[in-house]
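> fold the following.
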Amino acid sequence: MKKENRIKKNHEIASIVNFRKKVVNKSFVIYYKKNDNGKSRFAFSVSKKFGHAFERNKAKRISRNLFRKYINKYNNMDFVVVIKPNLKEMLYIDLEKEVDFLFTLINRNLKKEEKSVK
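Alright, predicted model coming up:
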């Protein structure tokens, strides 16, 4: 993932999480918020309870690969992805389906917000 698509600053991540817009399933929690950059940006977080460093790094690599196809689909959005320990036990194909489902939920929520604003 390119630098322009990453969120590294702690205060930026905290502002997205505190915005309280999220979707949840067994393997991921995705917090999202609109931004003014014109690009989508992602941050990935894995708890130390997940396992050793190599397991956490592997989970982040898998997650980055799963979310790569959504970089260009969502402009002006920031996402913070919290990876749950259940990810270890799942197959890649199942994870793809879960991510697709989460983004359909995000689309649905964004459309509801647009209707309520109008």
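> how much space separates Phe67 from Leu105?
Look at Phe67 and Leu105: by Cβ to Cβ, to the nearest Å, they are 15 Å apart. Any C-beta I mention is one placed from the backbone N, CA and C, and that applies to glycine too.
> what about these two, which has more around it?
Phe67 (21 against 15; other Cβ atoms under 10 Å).
> any idea how far Ile83 is from the more buried one?
11 Å.
> next one: Glu89
Separation of Glu89 from Ile83 (Cβ to Cβ) stands at 13 Å.
> who has more neighbours, these two?
Using other Cβ under 10 Å, the more surrounded residue of Glu89 and Ile83 is Ile83, with 20 against 9.
> contacts only, for that one.
Counting by Cβ atoms under 8 Å, 6 or more residues apart in numbering, Ile83 touches 27-28, 44-46, 50, 59-60, 63.
> could you rerun that using 6 Å?
Neighbouring residues of Ile83 by Cβ atoms under 6 Å, 6 or more residues apart in numbering: 46, 59, 63.
> phi first, then psi, for the residue nearest to it when sequence neighbours are not counted.
Leaving aside its sequence neighbours, Ile83 sits nearest to Val46 (Cβ to Cβ, 6 or more residues apart in numbering; 4.7 Å). Torsion angles at Val46 (phi, psi; degrees, to the nearest 10) stand at phi -130, psi 130.
> pretty sure Val46 sits against Arg61.
No. The pair Val46 / Arg61 is not scored as a contact, 10.8 Å apart, by Cβ atoms under 6 Å.
> who's more crowded, those two?
Legend: neighbour count by other Cβ under 10 Å for Val46 and Arg61, higher for Val46 (21 against 11).
> can you tell me how far the more buried one is from Asn65?
15 Å.
> elements contacting the helix or strand bottoming out on mean pLDDT in the chain?
The weakest-scoring helix or strand in the chain, judged by mean pLDDT, DSSP states H and E, is helix 92-117 (a mean of 91). When contacts are defined as 3 or more Cβ pairs under 6 Å, 6 or more residues apart in numbering; DSSP states H and E, helix 92-117 packs onto strand 22-24.
> give me the spatial nearest neighbour of the residue nearest in space to the middle of the chain, chain neighbours excluded.
Closest to where the C-alpha atoms of the chain average out (Cα atoms, centre = their mean) is Val81, at 3.3 Å. Closest residue to Val81 apart from its sequence neighbours, by Cβ to Cβ, 6+ apart: Phe44 at 5.0 Å.
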